[in-house]
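**Q** prediction below, plus the sequence it came from.
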Amino acid sequence: MEFIEELRSLKEQVKFDKRIENVQDFDNMVIAGMGGSGICGKIFQELYSKKPVITLDDYHTPEFVSDNTLFIGISYSGNTEETISAINEAKSKGARIITISAGGALEKMGYEHISIPLGLQPRSAGGYMLVPLLNSFGMMDEGIIERTYALLDELDRENSRCMAHAKRIATGKKIPVIFGASPYRNVAMKWKNQFNENAKVIAYANSFPELNHNDTMALAQTYRKKNLYFFAFGSDYERIEQRIQVTKEITDTNFRIIKPKGKSTVEKLFYLIHYGDYISYHLAGIRGINPTDVSIIEELKRRLH
């Protein structure tokens with residue numbers, strides 16, 4: 001499958017109807033995953049607040065994990081060693097374990113399993129890994145799915161603004177800096193990851209209001225500021241919008257404001273994700289970079305074994 005077709009498949013992924021059954025009986029939740037798989041757990045963590053949720057991007061589980069923990073391991077390949085290690089530790093502590101993968105070792109471990117389609121880059125399969133979590137906890141309904149599909153289809157047909165951003169980044173050889181705000185802080189991190197893997201450029205992500213307690217000083221006085229290209233996500237929360245505007249003024253920083261479209265949080269979430277997908281995709285094309293190339297990561301894994 002061509003990479004552009006992988007991107008365009010996101011609107012179909014939001015229709016994925018798999019879910020975890022009987023999710024009410026737990027005290028806390030842990031979601032383990034790395035890279036393009038792990039970011040899905042982090043995005044979900046921002047949206048769900050009825051019970052404690054933490055995410056893991058390491059080998060080990062917290063001490064509090066017990067038989068009252070819902071432990072979800074996500075790995076697109078099913079073979080991510082950090083996630084497998086964390087699952088094994090969770091098993092020894094009696095946690096209820098759910099695995100999500102497109103095959104590999106996770107599917108063979110014998111736990112409750114959600115199988116997702118093969119054939120994509122993990123970072124292009126975010127819908128398949130995130131939507132089962134949203135379905136399981138009542139965050140998706142028919143109306144949200146239909147409206148999200150329409151928004152993503154609109155971006156698939158018209159993304160010239162994404163191309164314009166990519167051209168300006170490439171022309172100036174700039175480093176993308178992405179500032180989000182709750183509940184889209186980890187969407188900003190998703191953008192960073194897409195710039196890293198698709199376009200093979202370093203990027204930086206942070207979020208309001210936290211960045212006003214540290215990055216603000218650097219924004220005003222850093223060297224090589226002209227080599228940075230700033231994005232900020234528009235917010236429905238008036239105080240955050242005020243922070244963005246005041247920060248822009250006092251630091252003399254040109255934030256390119258990306259306003260999410262949609263009625264619900266989920267719709268806006270997927271719109272922002274897809275907008276970033278296209279900027280990084282176009283940047284890869286302008287640079288003559290193959291967005292599917294992960295040969296250096298594969299070499300790293302080979303040398304570690």
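**A** Perfect, I can see it now.

**Q** which residues in this structure form helices?
**A** Listed in chain order, the helices of the chain (DSSP state H) span 3-8, 10-13, 35-47, 81-92, 104-108, 126-136, 142-157, 160-171, 185-198, 215-221, 238-251, 265-287, 295-304.

**Q** now the shortest one: buried residues?
**A** It stands for helix 10-13. 10, 11, 13 (16 or more other CB atoms under 10 Å). No exception for glycine: its C-beta is placed from N, CA and C like everyone else's.

**Q** including pLDDT, could these go into JSON lines?
**A** Below are these laid out as JSON lines (pLDDT from 0 to 100):
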{"residue": "10", "pLDDT": "98"}
{"residue": "11", "pLDDT": "98"}
{"residue": "13", "pLDDT": "98"}
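
**Q** any chance of a markdown table for these, columns distance to residue 189?
**A** Shown next, in a markdown table, are these (distance: CB to CB, whole Å):
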| residue | distance to residue 189 |
| --- | --- |
| 10 | 17 |
| 11 | 22 |
| 13 | 19 |
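
**Q** count of neighbours near residue 278?
**A** Counted with other CB atoms under 10 Å, residues neighbouring residue 278 total 22.

**Q** report pLDDT for it.
**A** Residue 278 is assigned a predicted lDDT (pLDDT) of 98.

**Q** isn't it up against residue 157?
**A** No: using CB atoms under 8 Å, residue 278 is not in contact with residue 157; the gap is 11.3 Å.

**Q** residue contacts, residue 303?
**A** Residue 303 makes contact with no residue, according to CB atoms under 8 Å, 6 or more residues apart in numbering.

**Q** do you know how far it is from residue 296?
**A** Distance, residue 303 to residue 296, by CB to CB, to the nearest Å: 11 Å.

**Q** for beta bridges, what are the partners of residue 258?
**A** When bridges are called by DSSP bridges, residue 258 pairs up with residue 233.

**Q** where does the stretch 151-300 of the chain dip in pLDDT?
**A** Within the stretch 151-300 of the chain, no stretch has pLDDT under 70.

**Q** gap between the two ends of stretch 69-89?
**A** The stretch stretch 69-89 measures 12 Å between its terminal residues, going by CA to CA, to the nearest Å.

**Q** show me what counts as buried in it.
**A** Across stretch 69-89, burial judged by 16+ other CB under 10 Å covers 69-78, 80, 82-87, 89.

**Q** next: stretch 131-139.
**A** For stretch 131-139, using 16+ other CB under 10 Å, the buried residues are 131, 132, 133, 134, 135, 136, 137, 139.

**Q** any idea how far it is from the middle of the chain?
**A** 16 Å (CA atoms, centre = their mean, to the nearest Å).

**Q** domains for this protein, by residue range?
**A** Domains of the chain are assigned by automatic domain parsing as 3-140, 143-287.

**Q** distance check, residue 76 against residue 100.
**A** As judged by CB to CB, residue 76 and residue 100 stand 9 Å apart.

**Q** mutual contacts of the two, please.
**A** Common neighbours of residue 76 and residue 100, counting by CB under 8 Å, 6+ apart, are 116, 129.

**Q** tell me how many other residues crowd the nearest residue to residue 191 once chain neighbours are set aside.
**A** In space, and not counting its chain neighbours, residue 191 is closest to residue 276: 3.8 Å by CB to CB, 6 or more residues apart in numbering. As a burial measure, residue 276 scores 27 neighbours (other CB under 10 Å).

**Q** since we're on residue 178, how many residues are nearby?
**A** Residues near residue 178, counting by other CB under 10 Å, number 26.

**Q** what sits against it?
**A** 188, 191, 192, 203, 204, 205, 206, 231, 233, 276.

**Q** same question, residue 186
**A** Residue 186 is in contact with 39, 42, 43, 45, 46, 180, counting by CB under 8 Å, 6+ apart.

**Q** now for those residues: which two are most distant?
**A** Greatest spacing in those, by CB to CB: 45 and 180 (13.8 Å).

**Q** ok, the two, which is more surrounded?
**A** More neighbours surround residue 180 than the other of residue 45 and residue 180, with 27 against 19 (other CB under 10 Å).

**Q** so that one sits against residue 188, correct?
**A** Yes: between residue 180 and residue 188 a contact is recorded at 3.1 Å, counting by CB under 8 Å.

**Q** what's the overlap in contacts for the two?
**A** 205, 206, 207, 233.

**Q** number of nearby residues for the closest residue to the third one other than its chain neighbours?
**A** In space, and not counting its chain neighbours, residue 207 is closest to residue 185: 4.0 Å by CB to CB, 6+ apart. The local packing count at residue 185 equals 21, with neighbours defined by other CB under 10 Å.
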